[in-house]
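J.: Build the 3D model from these lines:
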Amino acid sequence: MRHRPGAPRPAGGPPRGAALLRRFEQLRRAWDRPLTAYYLIIGSALLIIVLGLVMVYSASMIKALELSLPASYFFRKQFLAAVIGGVLLLIATRMPVKLHRALAYPLLLVTVFLMALVQVPGIGQSVNGNQNWIGFGSFQLQPSEFGKLALVLWGADLLARKQEKRLLNQWKHLLVPLVPCTFFLLGLIMIGGDLGTAIILTAILFGLLWLAGAPTRLFAGVLGVALAIGGMLVKTSPNRMGRLSCVGANMPGPQDQCWQAVHGLYALAGGGWFGSGLGASVEKWGQLPEPHTDFIFAITGEELGLAGTLSVLALFAALGYAGIRVAGRTEDPFVRYAAGGVTTWITAQAVVNIGAVLGLLPIAGVPLPLFSYGGSALLPTMFAVGLLIAFARQEPAAKAALAMRGPVLGRKPGGLRWMTMRRRVKQRPSGER
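T.: Have a look, this model is predicted:
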């Protein structure tokens, strides 16, 4: 019998909200399972990469045709980078923590060497006014993208060793040599004029200091120095001042200096709830610069609508939550710092990119991680995702859960033959067993 609103509930019936409380408890238990972070990292990263490939193809077709190239030119290059990145991701998931730590210093030295090569005439190349590329024939590489990964691994190893020696309670060991080395990397990047990548490296530095338990005064001091240097760099550059003035703009302005920012908003506004459909973007027809790189999120909003952009945001939120969970549950200091550094890197870069597209932040020229076109950005980011997967697998509860799945996956001696014999035994009548 249906309960009438306002009528007294029959005695012995379930209390109000009991079903809802049970549902919340079921969801809490599901999110608290040992392999939740493991599956979230794999699922969200894979979906971001696949959706990114689709949007790169859709957003870059017109750009490729304008350059007298095949329509699938940029997509093929991105797909090849994704395949290579997939190999790097699998390698990272199988590498032990000791090998990750051993990789930190060589990777940092090689990255610094390549970043110095950028300034060598004939080797360094300028793209969109920033000289942060190395060119060898048709091959191009942006070493500063690998600097993010190098800083995460080296900083995590450095802080972990100092924590093991109980030195992190002294401010000088918190700052030296982590902060000077980071500022050295920032200097190499800023020589080429790439403020966007410098912002991401600064975010990684602050993430590592926060994870290391830096006191508020020390944290505020480093932040103040970084803001002062950043403000000076912005004020001394007319281009950066122009980008700052375009925050919140709804008109192109004098000399169309806010053209890109405004047309990004036009693309998002034209998408509506569910978009105009894949390939049906209007802004990518020469109106919106960089539709397949920095402003691919705007094309996503135009073609997939609000539903598509919210889906992308949800995937990044899931990846960020899983990374924080891995960093918070581990007892290994290196894993905590590395997982926290990778999560800070991907989350901060996504916020900077999407914030610029929405007109809430200045255009910094950073790609959307795992989503935008660019092999130099995709390869180290996929390796970093492999780090998170490896760390999620090494949680004690996750290890136990994966070990329990062994017989089901045929991982015990005998493999598939063992599974087949087990099924046959189950199918026999009880008298024949």
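
J.: so where is the stretch 101-250 of the chain shaky, pLDDT-wise?
T.: 137-138 (pLDDT under 70).

J.: show me where it has strands.
T.: Assigned by DSSP state E, counting those that start in this stretch, the stretch 101-250 of the chain shows strands spanning 124-127, 130-136, 139-141.

J.: Tabulate the ones you listed (a markdown table), appending mean neighbour count.
T.: The way it works is simple: take the backbone N, C-alpha and C, and place the C-beta from them, glycine included. Formatted as a markdown table, the strands of the stretch 101-250 of the chain follow (neighbours: other Cβ atoms under 10 Å):
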| stretch | mean neighbour count |
| --- | --- |
| strand 124-127 | 16 |
| strand 130-136 | 18 |
| strand 139-141 | 14 |
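
J.: Quick one: closest of the ones you listed to Gln170.
T.: When those are compared by Cβ to Cβ, strand 130-136 sits nearest Gln170, at 35.4 Å.

J.: The most centrally placed residue in the chain: which element?
T.: By Cα atoms, centre = their mean, the mean C-alpha position of the chain lies nearest to Ile346, the distance being 2.8 Å. Per DSSP states H and E, Ile346 falls inside helix 333-357.

J.: buried ones in that helix?
T.: Neighbour-count burial for helix 333-357 flags 333-350, 352-354, 356-357 (criterion: 16 or more other Cβ atoms under 10 Å).

J.: Excluding chain neighbours, give the residue nearest to the residue nearest to the centre of the chain in space.
T.: In space, and not counting its chain neighbours, Ile346 is closest to Pro369: 4.8 Å by Cβ to Cβ, 6 or more residues apart in numbering.

J.: Likewise for Ile91?
T.: Gly386 (6.9 Å).

J.: Centre of the chain to the strand or helix carrying the one you found, how far?
T.: Taking DSSP H and E as the criterion, Gly386 maps to helix 375-393. Offset of helix 375-393 from its chain centre (Cα atoms, centre = their mean, to the nearest Å): 9 Å.

J.: in the stretch 1-150 of the chain, which spans are helices?
T.: With DSSP state H, counting those that start in this stretch as the criterion, the stretch 1-150 of the chain has helices at 18-31, 36-66, 73-94, 97-117, 143-164.

J.: Of the strands of the stretch 101-250 of the chain, give the one that comes closest to Arg217.
T.: With Cβ to Cβ, the closest approach to Arg217 among the strands of the stretch 101-250 of the chain belongs to strand 130-136: 34.0 Å.

J.: who does that closest one pair up with?
T.: strand 124-127 (antiparallel), strand 139-141 (antiparallel) (DSSP bridges).

J.: Can I get the first one in PDB, CA atoms only?
T.: C-alpha atoms of strand 124-127 as PDB (Å, rounded to 0.1, in the frame of the first residue of the first chain):
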ATOM      1  CA  GLY A 124      67.100  25.600 -30.800                       C
ATOM      2  CA  GLN A 125      63.900  26.600 -32.600                       C
ATOM      3  CA  SER A 126      61.300  29.200 -31.900                       C
ATOM      4  CA  VAL A 127      57.600  28.300 -31.900                       C
END
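
J.: Switch the strands paired with strand 130-136 over to TSV; also include distance to His263.
T.: What follows is the strands paired with strand 130-136, written out as TSV (distance: least, Cβ to Cβ, whole Å):
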stretch	distance to His263
strand 124-127	21
strand 139-141	26
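
J.: Thought Leu319 was touching Leu40, still the case?
T.: Yes. Here Leu40 reaches Leu319: they are 7.0 Å apart, a contact under Cβ atoms under 8 Å.

J.: which stretch among the strands paired with strand 130-136 comes nearest Ile48?
T.: strand 139-141 (22.7 Å).

J.: right, and the strands paired with strand 130-136 - which one's nearest Ala249?
T.: Across the strands paired with strand 130-136, closest to Ala249 is strand 124-127 (Cβ to Cβ), at 24.7 Å.

J.: Show residues contacting that closest one.
T.: Leu117, Val118, Gln131, Trp133, Ile134, Gly135, Gln140, Gly192 (Cβ atoms under 8 Å, 6 or more residues apart in numbering).

J.: Share the number of residues neighbouring the last one, please.
T.: Gly192 is surrounded by 24 other residues when neighbours are defined as other Cβ atoms under 10 Å.

J.: go on, the first one?
T.: Other residues within reach of Leu117 by the criterion other Cβ under 10 Å amount to 13.

J.: Distance check, it against Leu188.
T.: 10 Å (Cβ to Cβ, to the nearest Å).
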